[in-house]
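Participant: Structure for the following, please:
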Amino acid sequence: MYFSIITFYQFKKNHEINNIQKQIKSFCSFHKIRGTVLIAKEGINGTLAGVEKSINLFSKELEKIGFNKLESKKSKSEFMPFNRLKVKIKKEIVTFNSTDTDIENNKGKYIDSNKWNLLVEDKDTLLIDVRNNFEIELGSFKGAINPYTNKFSDFKKYVDKDLLANKNKKIAIFCTGGIRCEKASSYMVEKGFKNIFQLKGGILKYLENISIRDSKWEGECFVFDNRVSVKNEMAIGTYELCHACRNPVSKKERNSKKYEKGISCPKCFGKISIAKKKKLLERNKQITIAKKKGIYNPYIKFTLSDFL
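Facilitator: Numbers count the residues shown, from 1 in each chain. Take a look at the predicted model:
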């Protein structure tokens, strides 16, 4: 048996966000579903995990609430990738610092993963990775442009400064699950770009559907849960998370003298406060004790039977 993971979003104007929050929190708590859901007046965005039956019921519950055109994808995991349930109300379901774009009516054209290779192999296509720089460092599509953004809202500056001269060019954009492309393409369309294409379902859908033999993906893809990264065909990646700075750490970085598991990595070495280091050391101590007792799981303390 395995845990079922669902990643989903839908841009849909709604004003009953407090009621929706209560409904989702109550439903997920009862069915032992964990993960994060963000709710805003512009729509919903989340990644949740539980036993397959519970996740299927959750999908039906969202339809009852009114989210009947979800962009969603499911994957499987041998472990529960989330420690708790969080259902939060936000200004935006993905932060772009722009709530006035008409995403439901203005956005790029969807390209399914099985047609993506043909588009990006076209020499006239400008291929752009919408994700943040730290994510792109793990991997990307061959030949993709890195805008070198530290946060998603920086992408607007990149468009205004570096892309406006390419308004009539064929542009293909992609992100982890597709949601950032919705906002990015909407912004670009409103700026006058004519030919914007976006990878439907994002990188994760592509990695799931396209075989290693045919894949144009190089490296690994960062994911915002305890898996840290995934590879072609959704295999678990090789990266671990630094608990001090929350950055992904490669095998090479873990061999560095600046790396101390649970305490620091080459990216944050020498930058951690004494108070934070003390907390991290205590955390490591508790993990060591748990390991000796045989009750430690690096992902979560519960087994599948706890969720049935």
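Participant: now the strands for the stretch 101-250 of the chain?
Facilitator: 109-111, 125-129, 139-141, 170-174, 195-199, 217-219, 221-222, 229-230, 240-241, 248-249 (DSSP state E, counting those that start in this stretch).
Participant: Point out the most buried one among these.
Facilitator: Of all the strands of the stretch 101-250 of the chain, strand 221-222 carries the top mean neighbour count, a mean of 25, counting by mean count of other Cβ atoms under 10 Å. In short, each C-beta sits where N, CA and C put it, glycine included.
Participant: From the contact counts, what lies against that one?
Facilitator: Applying 3 or more Cβ pairs under 8 Å, 6 or more residues apart in numbering; DSSP states H and E, we find strand 221-222 packed against helix 133-136, helix 202-209, strand 229-230.
Participant: Turn these into a markdown table, including mean pLDDT and distance to Asp154.
Facilitator: Below are the helices and strands packed on strand 221-222 laid out as a markdown table (pLDDT from 0 to 100; distance: least, Cβ to Cβ, whole Å):
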| stretch | mean pLDDT | distance to Asp154 |
| --- | --- | --- |
| helix 133-136 | 97 | 9 |
| helix 202-209 | 94 | 19 |
| strand 229-230 | 94 | 22 |
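Participant: Val189: which of those is closest?
Facilitator: Closest to Val189 of the helices and strands packed on strand 221-222, according to Cβ to Cβ: helix 202-209, at 18.6 Å.
Participant: Alpha carbons of the closest one, as CSV, please.
Facilitator: Extracted in CSV, the C-alpha atoms of helix 202-209 (Å, rounded to 0.1, in the frame of the first residue of the first chain):
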residue,chain,number,x,y,z
GLY,A,202,4.0,21.6,-15.1
ILE,A,203,7.2,19.7,-14.8
LEU,A,204,5.7,17.1,-12.5
LYS,A,205,3.1,16.0,-15.1
TYR,A,206,5.9,15.9,-17.7
LEU,A,207,8.2,13.7,-15.6
GLU,A,208,5.3,11.4,-14.8
ASN,A,209,4.1,11.0,-18.4
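Participant: Quick check: which helices or strands does it pack against?
Facilitator: strand 71-77, helix 113-121, strand 170-174, strand 217-219, strand 221-222.
Participant: what's the angle from the first one to helix 202-209?
Facilitator: Put simply, strand 71-77 runs at 60 degrees to helix 202-209, going by axes from the mean of the first three to the mean of the last three Cα atoms, to 10 degrees.
Participant: coming back round to it: do you know which of the helices and strands packed on helix 202-209 lies nearest Glu104?
Facilitator: Of the helices and strands packed on helix 202-209, nearest to Glu104 by Cβ to Cβ is strand 71-77, at 12.5 Å.
Participant: Pull out the buried positions in the helix or strand just after that closest one.
Facilitator: Toward the C-terminus, strand 71-77 is succeeded by strand 85-89 as the next helix or strand (DSSP states H and E). Neighbour counts over strand 85-89 (16 or more other Cβ atoms under 10 Å) mark Leu85, Val87 as buried.
Participant: Right, I'll call it a day here.
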